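Colleague: Fold the following for me, if possible:
(one chain, ligands or ions: 1)
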Amino acid sequence: MSKNLNELFLEQLKLCKVKPTETVAVISELGKKNDYVNAAVDSARSLGAGALVLTASSLSSSALPPYHSDGREIPALLAAASECDMVIDVTVGGLVHSDVRMRITGAGKRMLFVAEPAEVLERLMGTEGLRTSATSGAAKLKSGRMLRVSSEAGTDLRVDISGADLPVTLQYGYVDEPGRWDHWPSGFVACFPKDRTAQGKIVLQPGDALIPWQRYVRDEVTMHIKNGFITDITGAGADAFVLRDYFESWKDPNAYAVSHVGWGFHQAARWSALDVYDPRSLYGQELRSTAGNFMWSTGPNRYASRYTPAHLDIPMRGCTVEIDDRPVVVGGRLEGE
Ligand SMILES: [Fe+2]
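Modeller: As a prediction, the model looks like this:
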């Protein structure tokens, strides 16, 4: 039998090690996702913790959900959130790429974003195993110098991931350490390669995913990449045209940049999710997390001072990912699987 939201949030807050001495802040938007707000508050209180609800009158833009926020409300939001130990973000678009997130986690607070439907939250709940996979994946990225992704379809891209300061994101779906951000559910690692080092080409195949468009690629598309930027998008089908049109629409060279690269390892995450569910009800975490997917993305990289709201996450099937010639994913399967 499936669990209700309250039961799921309670399980989640236990993973996040919420203690009775702590206060949890819930950041929400007026009139949106009230069931998530209530479940977060009830769970925190049933663990003996305090719970504070911070409701902004407007944070999301329907056109650019993950990026823009209403500046006037941010200082008050930050002041209140910084008095709390953990922040649960149930805003519609999420404060994922925002300054708010960096300032909360930078102050040592744990922050968790929650957006997916209850059934996805339950089925893909974080585990110690995911945490272990994330930690070991991140270590491989940190100690690596060159990441190469290739496929039978013709993908062949190399990026420079050298340096101890490589920005690495490890997501396993809960926040059990100070300063940690995560998105429930998750199961992937990613890094921002050295700026302007990506060279080669990506060949998208039908069944690869375009997030946040929440749909599968339908036609083969080749993205040529030089010095970290997409220089050409070719292909006979409509998808090449549609992708070209999307990138052109931003009128921003930064939209064409390669952003983060990495791979997924959540064994319960299914490729079919975008067809099984109403895709617009999903945030795409299931596709980002599928075991053995290679995910790359386009647009922003705060570590290279490149800011743009144009951001596609593209999980791909059937790729081989190697770090310094040692495979971590072979033909779309996790090495050693
Ligand atoms: Fe992304």
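Colleague: Need the per-residue pLDDT for G71.
Modeller: Listed pLDDT for G71 reads 63.
Colleague: And for S150?
Modeller: 98.
Colleague: Packing partners of the helix or strand containing it?
Modeller: If you go by DSSP states H and E, S150 is part of strand 146-151. The criterion is 3 or more Cβ pairs under 8 Å, 6 or more residues apart in numbering; DSSP states H and E, and the helices and strands that strand 146-151 contacts are strand 156-160, strand 319-323. For glycine as for every other residue, the C-beta is placed from the backbone atoms N, C-alpha and C.
Colleague: The last one - which strands sit beside it in the sheet, and in what orientation?
Modeller: In its sheet, strand 319-323 lies beside strand 146-151 (antiparallel), strand 326-330 (antiparallel), with partners assigned from DSSP bridges.
Colleague: Quick check: can you name the pairing partners of the helix or strand just after the last one and their directions?
Modeller: When you say that, I think you mean strand 326-330. Counting by DSSP H and E, the next helix or strand C-terminal to strand 326-330 is strand 333-334. Take DSSP bridges as the rule and strand 333-334 pairs in its sheet with strand 326-330 (antiparallel).
Colleague: got the buried residues for the partner strand?
Modeller: Using 16 or more other Cβ atoms under 10 Å as the test for burial, strand 326-330 gives V328, V329.
Colleague: pLDDT below threshold where in the stretch 1-150 of the chain?
Modeller: Along the stretch 1-150 of the chain, the model assigns pLDDT under 70 to residues 1, 58-71.
Colleague: returning to that earlier point: for the strand holding S150, buried residues please.
Modeller: L147, R148, V149, S150, S151.
Colleague: what sits against the last one?
Modeller: Read it as S151. S151 is in contact with V203, Q205, M316, G318, C319, T320, counting by Cβ atoms under 8 Å, 6 or more residues apart in numbering.
Colleague: ok, what's across the strand from the last one?
Modeller: Beta-bridge partners of T320, counted by DSSP bridges, are S150.
Colleague: count of neighbours near it?
Modeller: 20 (other Cβ atoms under 10 Å).
Colleague: isn't it right up against G331?
Modeller: Yes: using Cβ atoms under 8 Å, T320 is in contact with G331, at 5.9 Å.
Colleague: just to revisit the earlier point, mind putting the strands paired with strand 319-323 into a markdown table with distance to the ion?
Modeller: Formatted as a markdown table, the strands paired with strand 319-323 follow (distance: least, Cβ to the ion, whole Å):
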| stretch | distance to the ion |
| --- | --- |
| strand 146-151 | 16 |
| strand 326-330 | 18 |
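Colleague: quick one: which of those strands is nearest A255?
Modeller: A255 lies closest to strand 146-151 among the strands paired with strand 319-323, at 21.0 Å (Cβ to Cβ).
Colleague: Kindly present the strands paired with strand 319-323 as a markdown table, with separate columns for distance to F9.
Modeller: Output for the strands paired with strand 319-323, formatted as a markdown table (distance: least, Cβ to Cβ, whole Å):
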| stretch | distance to F9 |
| --- | --- |
| strand 146-151 | 36 |
| strand 326-330 | 33 |
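Colleague: closest one to S259 among those?
Modeller: For the strands paired with strand 319-323, proximity to S259 was assessed by Cβ to Cβ; strand 146-151 is nearest, at 13.9 Å.
Colleague: how about the CA coordinates for that closest one, as CSV?
Modeller: Below are the C-alpha coordinates for strand 146-151, written out as CSV (Å, rounded to 0.1, in the frame of the first residue of the first chain):
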residue,chain,number,x,y,z
MET,A,146,39.7,13.8,-18.4
LEU,A,147,36.1,12.6,-18.8
ARG,A,148,35.1,11.1,-22.1
VAL,A,149,31.7,10.1,-23.2
SER,A,150,31.1,8.0,-26.3
SER,A,151,28.4,5.9,-27.9
